[in-house]
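> For reference, the sequence and a predicted model appear below.
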Amino acid sequence: MDLFLHYLGMPYLLDGVGYTLLITVLGLLGGLVMGVVLAAMQLSRFRSMAIVARAYAIVFRGTPLILQMVFCYNALPLIGIKLSAISAASLALALNEAPFIAEILRANVLGVERGQVSAGQALGMTPAAIMRRIIAPQAIRSMVPALGNEAVSALKNSSLASVVAVQELTLRSTQLASATFDFFSIFFASGLMYLVLTGAIAVIQIVVEMLLDLDRPPPREQLRRFLRALVPGRPEAVPALAGAGEGDVTPPDVADESVAERVADPLPPVVPKPASVGRDPAARAARLAGNNIAVEVKGLRKSYGAQTVLDGIDLTVRAGEVVALLGPSGSGKSTLLRCINRLEGWEDGTIRVGGQSLGTDENGRPLSPRLTAQMRASVGVGMVFQQFNLFGHLTARENIAGPLRWVQGLSRFDADRRCRDLLERIGLAHRADALPRHLSGGQQQRVAIARAVAPAPTVLLLDEPTSALDPELVGEVLEVIRRLAVEEGLAMIISTHQLRFAGDVADRIVFLSGGVIVEEGPAAQILSAPSHPLTVRFLSSMTAE
Ligand SMILES: Nc1ncnc2c1ncn2[C@@H]1O[C@H](COP(=O)(O)OP(=O)(O)OP(=O)(O)O)[C@@H](O)[C@H]1O
């Protein structure tokens, strides 16, 4: 035991620990930097870059680290690169770690829901902003456990540096054991040192996971609870909001959230609108006919592989007009909306929104994704998705206020004010600090609608906004659409199966089947006296449901 304790504190072995740590840290940092580059290359639009990154991964994952260390130390000098043993070992470890770290990064980036990326694009966020604000924060959270594993594995792999005579822990333990023949005590002591190092990595991982855990209260609140628990005579359980100063962002406990989720959140009472907003169909149609064209689709053709999804669509929507897109599943409604917003490309035809062709310059040449995003924001076209697509790591407040700051450039104060106003109008002011996963589907879609209308778009596209909801939640979402968009006079194209709502708010119904507009006309006329047999069949099947 005494010998074991003696070796545990022996400077010769502790120096070895220092070398082990040095190689591990350098190898991991180098691997991280190279891993980011490799992951970016693999995710890039340019195929050649992805091929180079793949080839690198095949070589460096497929050959033993020990050979890579020997290569860096003995072969690089032949081409004029002479490295010290520590530098060669660290470089080899970094080269070896890079493809593993790149795969972790790539998998976690790809793991972020694509719908959130579409939502970011639809809000006018550039690819860099989407990566920074949406993808990276979520990917980093989910990659921590895998990176922790990688750090432990790098620490253990650093022992291979002994092959190029780096005086790290394993080499020093072996040398000491050869000299003293006290194998058991020495290897037991060095094993314990490795355990302490890997244990420290595990602790760091736990702390990072705790700090990044969205369900935990922010550190300030945690500290407050901790201090209160220390004060004698004070109850340990402190209500989450008790004592919170004004402006505190204190998410309620998860348990509170799940209870609150089940509580209905009624919309605030309707503020009566001036009489001029009356909906006499004939007068309204005459008024709309004089408005500017908001969306103009001409001869649109779009295919996925051999399947033609939109086949010569012509559609004009005027400012303030509400158009309901009806049609059976697979008729191309979502694709049409995504094309209008340039979330999809197409083969033939033109689409102009607010007089501009999204995604192309005046000569018809395609713009970069960044310029397309900026154009989307300046034209003012918002979109609401079937699956809500709220940013999962942001609260309801940040889902609305964030894009206002990042895209429209509003100050935090102005963005928060606009957000507060919208949350009040959708009856969710008290849920401002809730994460999307702590909101019901109806509440999430209400927030998503508020987020889409927050930048005051001129055109709003809604892709089956209620079809992912339980029937009892549909009404509240339709009411929010009516209040935030219809009554505000936005030009809207809404794909929906809600016939009553379509009849109520739409000026015109466009019926799509097999990628072709088979019938269109005033909402009342199409719903009460459709002329095309496909429309008749569709409407009767919907009414039967
Ligand atoms: N990314 C894609 N790749 C291949 N095919 C696709 C893709 N997106 C849609 N499609 C196909 O295009 C057709 C039209 O799909 P779309 O989602 O536009 O229809 P929809 O009318 O909106 O249907 P629903 O009412 O069920 O949402 C379908 O046959 C669908 O399978």
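Structure's in. What do you need?
> Domains of the protein: list them as residue ranges, please.
2-212, 280-310+319-389+457-544 (automatic domain parsing).
> Minimum distance to Ala401: which of those domains has it?
When those are compared by CB to CB, domain 2-212 sits nearest Ala401, at 12.0 Å. For the C-beta atoms, the positions are set from N, CA and C on the backbone; glycine is no exception.
> Now that closest one: average pLDDT?
The pLDDT scores in domain 2-212 average 92.
> Around the ligand, pick out the residues from the protein.
Within the chain, the positions near the ligand by CB under 6 Å from any ligand atom are 304, 309, 327, 329-335, 464.
> can you map out the strands along this protein?
293-304, 307-318, 322-326, 348-353, 381-384, 459-463, 491-495, 508-513, 516-522 (DSSP state E).
> which of the residues of the chain next to the ligand count as buried?
For those, a neighbour count by 16 or more other CB atoms under 10 Å gives the buried set as 309, 327, 331-335, 464.
> still on that earlier bit, Serialize the strands of the chain to JSON lines and add fields for mean pLDDT.
Shown next, in JSON lines, are these (pLDDT from 0 to 100):
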{"stretch": "strand 293-304", "mean pLDDT": "94"}
{"stretch": "strand 307-318", "mean pLDDT": "94"}
{"stretch": "strand 322-326", "mean pLDDT": "93"}
{"stretch": "strand 348-353", "mean pLDDT": "92"}
{"stretch": "strand 381-384", "mean pLDDT": "93"}
{"stretch": "strand 459-463", "mean pLDDT": "94"}
{"stretch": "strand 491-495", "mean pLDDT": "93"}
{"stretch": "strand 508-513", "mean pLDDT": "94"}
{"stretch": "strand 516-522", "mean pLDDT": "93"}
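> who's in contact with stretch 407-423?
With CB atoms under 8 Å, 6 or more residues apart in numbering as the test, stretch 407-423 has contacts from 123-125, 129, 377, 396-397, 400-402, 404-405, 429, 431-432, 447, 450, 453-455, 484.
> sorry, that was for stretch 31-43
Contacts for stretch 31-43 (CB under 8 Å, 6+ apart): 49-50, 52-54, 56-57, 93-106, 109-110, 150, 154.
> switch to 10 Å and redo it
For stretch 31-43, contacts defined as CB atoms under 10 Å, 6 or more residues apart in numbering pick out 28, 48-54, 56-57, 60, 90, 93-110, 131, 135, 139, 147, 150-151, 154.
> Just the buried subset of those, written out for PyMOL, thanks.
To isolate the buried members of the contacts of stretch 31-43 in PyMOL, using 16+ other CB under 10 Å:
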select buried, resi 28+49+53+56+57+60+90+93+94+95+96+97+98+99+100+101+102+103+104+105+106+108+109+131+135+139+147+150+151+154
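> Now do Pro219 against Met143, distance only.
Going from Pro219 to Met143 by CB to CB, to the nearest Å gives 22 Å.
> Neighbour count for those two, which is higher?
Neighbour totals were compared for Pro219 and Met143, and Met143 leads with 18 against 10 (other CB atoms under 10 Å).
> Where does the stretch 51-200 of the chain get nearest to the ligand, residue-wise?
Going by CB to the nearest ligand atom, the ligand is nearest to Arg114 of the stretch 51-200 of the chain, at 10.0 Å.
> just checking, that residue touches Asn389?
Yes: using CB atoms under 10 Å, Arg114 and Asn389 qualify as a contacting pair, with a distance of 9.0 Å.
> and Leu315, what does it touch?
295-298, 300, 323, 325, 336, 340, 351, 493, 508, 510, 512, 517, 520.
> any idea how far Ile509 is from it?
For Leu315, the distance to Ile509 - CB to CB - is 12 Å.
> joint contacts of these two?
What both Leu315 and Ile509 touch, as defined by CB under 10 Å, 6+ apart, is the set 323, 325, 520.
> Beta-bridge partners for the second one, please?
Leu325 has these beta-bridge partners by DSSP bridges: Ser495, Val510.
> and it, what is it in contact with?
315, 331-334, 336-337, 461-464, 493-496, 502, 506, 509-512, 517, 520.
> quick one: it from Ser331, how far?
From Leu325 over to Ser331 (counting by CB to CB), the distance is 9 Å.
> swap in Ala40?
38 Å.
> what do you get for Asn292?
28 Å.
> And Ser90, by the same measure?
59 Å.
> Surely Thr395 touches Arg451?
No: if you go by CB under 10 Å, Thr395 and Arg451 don't touch, sitting 11.8 Å apart.
> Find the residues that touch each one of these two.
Applying CB under 10 Å, 6+ apart, one finds that Thr395 and Arg451 are jointly contacted by 401-402.
> Tell me how many other residues crowd Gly18.
14.
> again with Leu223
For Leu223, using other CB under 10 Å, the count is 11.
> who's in contact with the residue lying closest to Leu160 once chain neighbours are set aside?
Closest residue to Leu160 apart from its sequence neighbours, by CB to CB, 6 or more residues apart in numbering: Ile66 at 4.9 Å. Going by CB under 10 Å, 6+ apart, Ile66 touches 92, 96, 157, 160-164.
> biggest helix in the chain by residues?
Counting by DSSP state H, the longest helix found in the chain is helix 11-43.
> which residues does the closest residue to Pro457 other than its chain neighbours form a beta bridge with?
Spatial nearest neighbour of Pro457, excluding adjacent residues (CB to CB, 6+ apart): Gly382 at 3.8 Å. Under DSSP bridges, the beta-bridge partners of Gly382 are Leu460.
> Using PDB, write out every CA atom in stretch 423-430.
Coordinates of each C-alpha in stretch 423-430 appear next as PDB, following Å, rounded to 0.1, in the frame of the first residue of the first chain:
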ATOM      1  CA  LEU A 423     -48.500  36.800 -27.600                       C
ATOM      2  CA  GLU A 424     -51.200  38.800 -25.900                       C
ATOM      3  CA  ARG A 425     -53.300  38.700 -29.100                       C
ATOM      4  CA  ILE A 426     -53.000  34.900 -29.300                       C
ATOM      5  CA  GLY A 427     -53.700  34.500 -25.600                       C
ATOM      6  CA  LEU A 428     -50.300  33.100 -24.800                       C
ATOM      7  CA  ALA A 429     -48.500  35.900 -23.000                       C
ATOM      8  CA  HIS A 430     -48.300  33.800 -19.900                       C
END
